[in-house]
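Student: build the 3D model from these lines:
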Amino acid sequence: MRHNKKFNHLGRKSAHRKAMLANMASSLIEHKRITTTVAKAKALRMYVEPLITKAKDDTTHSRRVVFSYLQSKEAVTELFREVAAKVADRPGGYTRILKTGNRIGDNAEMCIMELVDFNELMMAGKEEAGKGKKRRSRRSGSKKAETTVPVAETKVETPKAKVAETPVVEEPKAEESADSAEEKKEE
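Tutor: I've put the predicted structure just below:
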């Protein structure tokens, strides 16, 4: 029985799985964003987040421990120089998984996995939202329309005036047309 065993083996032997996760972690650290399946991304999250936490403490021992997992000098250097500096004040949750739909070939659930502090578009959105915190309301559009048109003017131009004008306008036109037709016959 597999009671309380939550590790996803991803259909691979342990050596293949470790190599794949090390390569994916190196790519994520170097490129800040990768496209993969949701299952691999969830496994990678459990693999890479402890490494990022370890990188906050820049010592020789922590560099060697991280290198034993990543097996890439460039990735270790990038992790300790740039990534650790950006996530220094973050208590955890360094990665984000954005689902993108299913792959055409085998219908696997695909996603984009990225480092949270390196997405400029979402960071810009947070800064704008932080500057002007405005409450949105369902009635905001109708209030704008009321403020642009004064209430007194709308009452004058309401259908009351049009209703009074409409029957008066139609009847004289009919009489005028009858009178003008009679005058033309007499001439």
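Student: now this protein, which segments are flagged as low pLDDT?
Tutor: Along the chain, the model assigns pLDDT under 70 to residues 127-135, 140-187.
Student: what about the helices in it?
Tutor: Using DSSP state H, the helices of the chain run over 14-31, 38-55, 60-70, 73-78, 84-86, 120-131, 140-148, 151-156, 159-186.
Student: now the fifth one: buried residues?
Tutor: By neighbour count, with 16 or more other C-beta atoms under 10 Å as the criterion, the buried positions of helix 84-86 are Ala84. Glycine gets a C-beta too; all of them are placed from N, C-alpha and C.
Student: pull the residues that contact stretch 6-21.
Tutor: Stretch 6-21 has contacts (C-beta atoms under 8 Å, 6 or more residues apart in numbering) with 39-40, 42-44, 47.
Student: please redo it, this time with the cut-off set to 10 Å
Tutor: Stretch 6-21 has contacts (C-beta atoms under 10 Å, 6 or more residues apart in numbering) with 37, 39-40, 42-44, 46-48, 69-71.
Student: quick one: buried residues of it?
Tutor: Residues of stretch 6-21 classed as buried under the neighbour-count rule (16+ other C-beta under 10 Å) are 17, 20-21.
Student: can you put the residues you listed in JSON lines and add distance to Thr59?
Tutor: Output for the buried residues of stretch 6-21, formatted as JSON lines (distance: C-beta to C-beta, whole Å):
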{"residue": "Arg17", "distance to Thr59": "28"}
{"residue": "Met20", "distance to Thr59": "28"}
{"residue": "Leu21", "distance to Thr59": "24"}
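Student: who wins on neighbours among the contacts of stretch 6-21?
Tutor: For the contacts of stretch 6-21, the largest neighbour count, defined by other C-beta atoms under 10 Å, is 24 neighbours, found at Val48.
Student: which ones are touching the spatially closest residue to that one that is not a sequence neighbour?
Tutor: Closest residue in space to Val48, ignoring its immediate chain neighbours: Ala25 at 4.5 Å, by C-beta to C-beta, 6 or more residues apart in numbering. By C-beta under 10 Å, 6+ apart, Ala25 lies in contact with 34, 44, 47-49, 51-52, 66, 69-72, 75, 79.
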